[in-house]
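Trainee: Make a model of this:
(chains A and B)
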Amino acid sequence: MATPILELRGLIKTFGGVKAVNALDMTVNDGEIHALIGPNGSGKTTTLNVISGIYRANEGSVKFRGDEISQLPAHTIAQRGITRTFQNIRLFPRLTVLDNVLIGRHTRLRTNFWMTLAPNPITALEEDTARRNAHDLLAFVGLADRAQVRASSLAYGDQRRLEIARALAAEPALLLLDEPAAGMNPTETDALVKLLYQVRDRGVTLLLIEHDMNLVMAISDRITVLNFGTHIAEGAAAEVSQNPDVITAYLGGPLDAGFAQTR
Amino acid sequence: MNRRGAVVAVLLVACALVPFVVHSQYVLQVTDTALIYAIVVIGLGILLGFTGQMSLAQAAFFGMGAYASAIASTTLGWSPWISIPFGALFAAAIGAAVGYPCLRLSGHYLALATIGFGIIVQLVFINARSLTNGPDGINSIPPPHLGSLALDTYQTYFYVAYGALLISVYIAWRVKHSRIGRAFEAIRENEIAAQAMGINATHYKVLAFVLASAFGGLAGGLIAHMTRFISPDSYSFDQSVIFLVMLVIGGSATITGAVTGAILLTFLPEFLRPLKDSYIMIYGAAVVLMVIFMPEGIVGLVRRLIPSYQAPPAAPMHATNSIADSA
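Mentor: Residues are numbered from 1 along each chain as shown, chains lettered A, B, ... in the order given. Below you'll find the predicted structure:
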């Protein structure tokens, strides 16, 4: 029996008069890879921004492991166990790759201002652990030899992988990925798929937005389809791809079921 | 201790010998002033260089430290050893109270708010006569004593300023190479990503502002007990701009840059003084040229010129030091 880790109910987010997210319901189960798909402008990224606290919902609820989080600030949501990557990569460009990952671990460290003033065993131990953890994560995403270079000097695909390492450093229960495969070539995408499976196997639930339908259909346990800010279908990949509403949303009109199956 | 540590130790000792080598009271006065300004600029560097938040009110906090400590030493009769840290704490407390509302703003708006605040503070110095003695300023501020020895010469005061600077550099360095310093830099680099990583941006921006205020206030107390006389015109908006220029010229993201910029730009006008009226023009031109040809400050230029500073490419000091830390 699947237990929900994230539940959105009646979620509304408006910008001026535009309802970017309109009464959205969505359930993400613990331990699954869940994809959020939909045409451009359907509210996917806005939904992720509301979940992660970058935007605050106008109405509705977001429950994470049963707790209401929709009105919490972004940093508190990260502390609770939801971290993310960004569609338009948001690394700390002038810092080293290693420092990017160390910053990702911020919420797991306890050193405060006073403790920084003098060498002390607590800080020494946690810095040591954090560095080891960061190097492990860099090895995990395949960036072990790039630890000391500037994040901005990484190739595009590597920057996306660094974002994943940074988000994992916080040891999240739920990882939000906004178009992780964007701009990747097929080889890089294959490597990404393997990486995402490994992340899931570490016990992290994944919610991803992705336009690459082959990737979505291949890795998703379940899919939610958005159009005009509200969900038009939710379920396993095979069911969703045959849903007539989904086909209409994507292709602009009804088509025979045979076409849908070939997709 | 590695070779680099040994070089630093030798340099620190060599600097401590300056009062034995230099006998000109004038040069020593400028030197002491430069060391104290370096503390102000390190503070500004924590705010602007590390955290990326602009302030044009640094002279106001410098002034608050000067006034609070001077009043404590004169009216209240406290020992300067207590009043000077009190000046720093006072400035830090005001910094916390002002920082919280101000740092909700960003970019140009934050800069404007801090300009306004700085002007208000200077007006308070001028008009709160019962506390500050108005435009006449406060005189007869006592020097600190070491036992029965009054530290009232530029030779002896050098060690007060130098000691305070070393403590300031140490604190700034410890903070920079810690979880706190990483949070500061994360906010500077990308505030939204920093928040998404669990960093409470408001908290850390206010902390940076408070640290900048405390360093400014500490330096204010030091200058008040060196010159033994303070008046409101030393804590103007112009002075805040000069501190900003010192930081940018030196290299804003590093402690070395802050210290270098402060020392260089305290001495530069003194060197140019023989030029009389045209000195401001030459000074201005020199600053403009430095900004154009050294966009990352003097420290950035040195790093480009000395190959051993080039690899690894990003923040070499940071990288090597942090590994040394964990070892």
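Trainee: Where does pLDDT dip in the stretch 151-263 of chain A?
Mentor: The model of the stretch 151-263 of chain A has pLDDT under 70 over residues A:251-263.
Trainee: quick check: mean pLDDT across the helix or strand harbouring B:Phe61?
Mentor: Per DSSP states H and E: B:Phe61 is located in helix B:58-74. The average pLDDT for helix B:58-74 rounds to 97.
Trainee: Can I get it in CSV, CA atoms only?
Mentor: Taking Å, rounded to 0.1, in the frame of the first residue of the first chain, the C-alpha atoms of helix B:58-74 are listed here in CSV:
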residue,chain,number,x,y,z
GLN,B,58,29.4,52.4,7.1
ALA,B,59,30.7,55.8,8.3
ALA,B,60,27.5,56.2,10.4
PHE,B,61,28.4,53.0,12.3
PHE,B,62,32.0,54.1,12.6
GLY,B,63,30.6,57.4,14.1
MET,B,64,28.2,55.6,16.4
GLY,B,65,31.1,53.6,17.8
ALA,B,66,33.2,56.7,18.2
TYR,B,67,30.4,58.7,20.0
ALA,B,68,29.2,55.8,22.2
SER,B,69,32.7,55.0,23.4
ALA,B,70,33.7,58.7,23.7
ILE,B,71,30.6,59.4,25.8
ALA,B,72,31.3,56.3,27.9
SER,B,73,34.9,57.3,28.5
THR,B,74,34.2,61.0,29.3
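Trainee: I'd like the average pLDDT over whatever helix or strand comes next after it.
Mentor: Where DSSP H and E defines the elements, the next helix or strand beyond helix B:58-74 is helix B:80-102. Mean pLDDT, helix B:80-102: 96.
Trainee: Next, the buried residues of helix B:80-102.
Mentor: B:80, B:83-95, B:98-99, B:102 (16 or more other CB atoms under 10 Å in any protein chain shown). Glycine gets a C-beta too; all of them are placed from N, C-alpha and C.
Trainee: The helix holding B:Phe61 - contacts with which helices or strands?
Mentor: helix B:25-44, helix B:80-102, helix B:107-127, helix B:129-132, helix B:201-227, helix B:237-250 (3 or more CB pairs under 8 Å, 6 or more residues apart in numbering or on different chains; DSSP states H and E).
Trainee: Return the distance of that helix from the chain's centre.
Mentor: 14 Å (CA atoms, centre = their mean, to the nearest Å).
Trainee: Give me the most central residue, chain B.
Mentor: Centroid check for chain B by CA atoms, centre = their mean gives B:Val40 as the closest residue, at 1.6 Å.
Trainee: I figured that residue was touching B:Ala60, is that so?
Mentor: No - with contact defined as CB atoms under 8 Å, B:Val40 does not reach B:Ala60; the gap is 11.2 Å.
Trainee: Which neighbours do the two have in common?
Mentor: B:Gly216 (CB atoms under 8 Å, 6 or more residues apart in numbering or on different chains).
Trainee: hang on, the earlier thing: dump the helices and strands packed on helix B:58-74 to JSON lines, plus distance to chain A.
Mentor: Shown next, in JSON lines, are the helices and strands packed on helix B:58-74 (distance: least, CB to the nearest CB, whole Å):
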{"stretch": "helix B:25-44", "distance to chain A": "14"}
{"stretch": "helix B:80-102", "distance to chain A": "12"}
{"stretch": "helix B:107-127", "distance to chain A": "18"}
{"stretch": "helix B:129-132", "distance to chain A": "31"}
{"stretch": "helix B:201-227", "distance to chain A": "6"}
{"stretch": "helix B:237-250", "distance to chain A": "16"}
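Trainee: Ok, which of those comes nearest A:Ala134?
Mentor: Smallest distance to A:Ala134 across these (CB to CB): 20.1 Å, for helix B:201-227.
Trainee: the domain parsing of chain A - what is it?
Mentor: A:1-81+A:172-263, A:90-171 (automatic domain parsing).
Trainee: can I get those domains in CSV with distance to chain B and mean neighbour count?
Mentor: Shown next, in CSV, are the domains of chain A (distance: least, CB to the nearest CB, whole Å; neighbours: other CB atoms under 10 Å in any protein chain shown):
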stretch, distance to chain B, mean neighbour count
domain A:1-81+A:172-263, 3, 18
domain A:90-171, 3, 19
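Trainee: To B:Ile292, which of the ones you listed lies closest?
Mentor: Going by CB to CB, the one of those nearest B:Ile292 is domain A:90-171, 20.9 Å.
Trainee: and that closest one, how far apart are its ends?
Mentor: The first and final residues of domain A:90-171 sit 19 Å from each other (CA to CA, to the nearest Å).
Trainee: Please state the offset of that domain from the chain centre?
Mentor: 18 Å.
Trainee: Kindly reformat the helices and strands packed on helix B:58-74 as TSV containing distance to B:Ala262.
Mentor: Output for those, formatted as TSV (distance: least, CB to CB, whole Å):
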stretch	distance to B:Ala262
helix B:25-44	4
helix B:80-102	17
helix B:107-127	19
helix B:129-132	26
helix B:201-227	10
helix B:237-250	5
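Trainee: any idea which of the ones you listed is most buried?
Mentor: helix B:201-227 (a mean of 27; mean count of other CB atoms under 10 Å in any protein chain shown).
Trainee: which other helices and strands contact it?
Mentor: helix B:25-44, helix B:58-74, helix B:80-102, helix B:154-176, helix B:179-189, helix B:191-196.
Trainee: So for it, mean pLDDT?
Mentor: Rounded mean pLDDT across helix B:201-227 is 97.
Trainee: what is the orientation angle of it with helix B:179-189?
Mentor: 110 degrees (axes from the mean of the first three to the mean of the last three CA atoms, to 10 degrees).
Trainee: What is the subsequent helix or strand relative to the longest helix along chain A?
Mentor: With DSSP state H setting the assignment, residue counts place helix A:121-140 as the longest helix in chain A. Downstream of helix A:121-140, the first helix or strand assigned by DSSP H and E is helix A:156-168.
Trainee: what does that next one rub up against?
Mentor: A:83-86, A:89-91, A:97, A:100-101, A:103-104, A:134, A:137-138, A:140-143, A:146, A:151, A:154, A:175, A:177, A:180, A:182-185, A:188, A:192, A:195, A:199, A:202, A:204, B:197.
Trainee: and that helix with helix A:121-140, angle?
Mentor: 140 degrees.
Trainee: CA atoms of helix A:156-168 as PDB?
Mentor: C-alpha atoms of helix A:156-168 as PDB (Å, rounded to 0.1, in the frame of the first residue of the first chain):
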ATOM      1  CA  TYR A 156      26.100  22.300 -19.100                       C
ATOM      2  CA  GLY A 157      25.300  18.700 -18.300                       C
ATOM      3  CA  ASP A 158      27.800  18.700 -15.500                       C
ATOM      4  CA  GLN A 159      26.100  21.800 -14.000                       C
ATOM      5  CA  ARG A 160      22.800  19.900 -13.900                       C
ATOM      6  CA  ARG A 161      24.400  17.000 -12.200                       C
ATOM      7  CA  LEU A 162      26.100  19.300  -9.700                       C
ATOM      8  CA  GLU A 163      22.700  20.800  -8.900                       C
ATOM      9  CA  ILE A 164      21.500  17.200  -8.100                       C
ATOM     10  CA  ALA A 165      24.500  16.600  -5.800                       C
ATOM     11  CA  ARG A 166      23.900  19.900  -4.100                       C
ATOM     12  CA  ALA A 167      20.200  19.100  -3.500                       C
ATOM     13  CA  LEU A 168      21.100  15.600  -2.200                       C
END
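Trainee: What is the subsequent helix or strand relative to it?
Mentor: strand A:174-178.
Trainee: For that next one, which strands pair with it and how are they oriented?
Mentor: strand A:82-84 (parallel), strand A:205-209 (parallel) (DSSP bridges).
Trainee: Can you name the element that comes right after the longest one?
Mentor: It refers to strand A:205-209. helix A:213-219.
Trainee: Now that following helix - C-alpha only, CSV.
Mentor: Written as CSV, here are the backbone C-alpha positions of helix A:213-219 (Å, rounded to 0.1, in the frame of the first residue of the first chain):
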residue,chain,number,x,y,z
MET,A,213,8.5,12.0,-23.1
ASN,A,214,10.7,9.0,-23.7
LEU,A,215,12.5,9.7,-20.4
VAL,A,216,9.2,10.3,-18.6
MET,A,217,7.6,7.1,-19.9
ALA,A,218,10.7,5.1,-19.1
ILE,A,219,11.3,6.1,-15.5
